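# Show me the folded form of this:
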Amino acid sequence: MKLFIALFLPLILFGVEKKFPDWYYEISTSKEKKSAFFKILVPIVKENQERIRKERFFIKNFFNNLKVEKPQSKDLEKINKLAKRYRIKNIYDENSFLKRVCAIPTSLVLAQAAMESGWGSSRFVKEANNIFGHWTYSEKGLIPSQRGDGKTHKIRIFDSLEDSVAAYMLNLNRHGAYAEFRNLRYLSIKSKNYFGGFEAADTMTHYSAIGKEYNTQLKNIITQNNLLRYDEDHRGHYKDFLLSRIRER
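Sure, this is the predicted structure:
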């Protein structure tokens, strides 16, 4: 099995696999399955993090340039698209952009992916590439087996794991339920403090019906699987702040 994983894992890392592959479900030991789970998801998470960082870089440049000259039409078009994507009403509200267009600690993403998907074993993942339990009210979707009477929601179907991760990140970055998460992240960056998976987990109360117990369970997964090690690249997002602190010394 280990040899099989070693041979086929590179295909996943380069985007050939769009779902959890069949061999993943043949892994018998918990340790190997968890290792494979993270190896499959980490590159996908990092790719989405990098896209957000590029969007944020553009936004910071846009507002810096706005102080000295009128924006070009192509930049206005792009900032409008980002405003629509992140549900920002005023395209000249820099703080709203900086609160919403920002990377999410990788350790949090992985912990929620593990918790919401049952380590990739849920029906939602297998049939819909839905890692994080996203709902939909459109015609396309899976009907939950335990959906209550009178309920009309379905489980959203994604074309790939990448799409599921992207939707999750966008959800955290714009939905009203996660305003506390965005505010704490924004204030942490502004004050040049570190914001990682543990800090983020404490703001996920509204993600689950079990409330604060959900936050505790997330932090347990982060601790038990040493997921904070994946936040090292996330700190690179604050490179400009870290450099400014070095210059101040």
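
# Mind listing what's buried along the longest helix seen in the chain?
Counting by DSSP state H, the longest helix found in the chain is helix 30-66. Of the residues in helix 30-66, 33-34, 36-38, 40-46, 48-49, 52-53, 55-56, 58-59, 62-63 count as buried by neighbour count, 16 or more other C-beta atoms under 10 Å. Glycine gets a C-beta too; all of them are placed from N, C-alpha and C.

# same thing with stretch 74-93?
Lys78, Ile79, Leu82, Ala83, Tyr86, Ile88, Ile91.

# Kindly report the same for stretch 101-117.
In stretch 101-117, counting by 16+ other C-beta under 10 Å, buried: 101-117.

# In helices only, show me those residues.
Going by DSSP H, the helices hold Thr106, Ser107, Leu108, Val109, Leu110, Ala111, Gln112, Ala113, Ala114, Met115, Glu116, Ser117 from the buried residues of stretch 101-117.

# Could you export those residues as a markdown table, including pLDDT and distance to Glu162?
Formatted as a markdown table, these follow (pLDDT from 0 to 100; distance: C-beta to C-beta, whole Å):
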| residue | pLDDT | distance to Glu162 |
| --- | --- | --- |
| Thr106 | 95 | 15 |
| Ser107 | 96 | 19 |
| Leu108 | 97 | 18 |
| Val109 | 98 | 13 |
| Leu110 | 98 | 15 |
| Ala111 | 98 | 19 |
| Gln112 | 98 | 16 |
| Ala113 | 98 | 13 |
| Ala114 | 98 | 18 |
| Met115 | 97 | 20 |
| Glu116 | 95 | 16 |
| Ser117 | 96 | 15 |
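
# from those residues, which is closest to Glu213?
Comparing these against Glu213 with C-beta to C-beta places Met115 closest, at 11.6 Å.

# correct me, but that closest one touches Thr216?
No. At 11.4 Å, Met115 does not count as touching Thr216 under the criterion of C-beta atoms under 8 Å.

# Strands of this protein, residue ranges please.
135-136, 154-155 (DSSP state E).

# Could you tell me the least trusted of the ones you listed?
Ranked by mean pLDDT, the strands of the chain end with strand 135-136 at the bottom, a mean of 72.

# Settle this for me: Tyr178 is touching Arg185, isn't it.
No. Using C-beta under 8 Å, Tyr178 is not in contact with Arg185, being 9.8 Å away.

# And the two? Which one has more around it.
Neighbour totals were compared for Tyr178 and Arg185, and Arg185 leads with 24 against 21 (other C-beta atoms under 10 Å).

# okay, the more buried one: pLDDT?
Looking at Arg185, the pLDDT reads 96.

# Just give me the neighbour total for the spatially closest residue to it that is not a sequence neighbour.
Leaving out its chain neighbours, the residue that sits closest to Arg185 by C-beta to C-beta, 6 or more residues apart in numbering is Phe195, at 5.1 Å. A count of nearby residues for Phe195, using other C-beta under 10 Å, gives 24.

# check contacts around the residue nearest in space to the middle of the chain.
Nearest to the mean C-alpha position of the chain, by C-alpha atoms, centre = their mean, lies Met169 at 3.6 Å. Residues in contact with Met169, defined by C-beta atoms under 8 Å, 6 or more residues apart in numbering, are Asn48, Gln49, Ile52, Ile104, Val109.

# cutoff 10 Å now
With contact set as C-beta atoms under 10 Å, 6 or more residues apart in numbering, Met169 has these partners: Val45, Asn48, Gln49, Arg51, Ile52, Cys102, Ala103, Ile104, Val109, Phe132.
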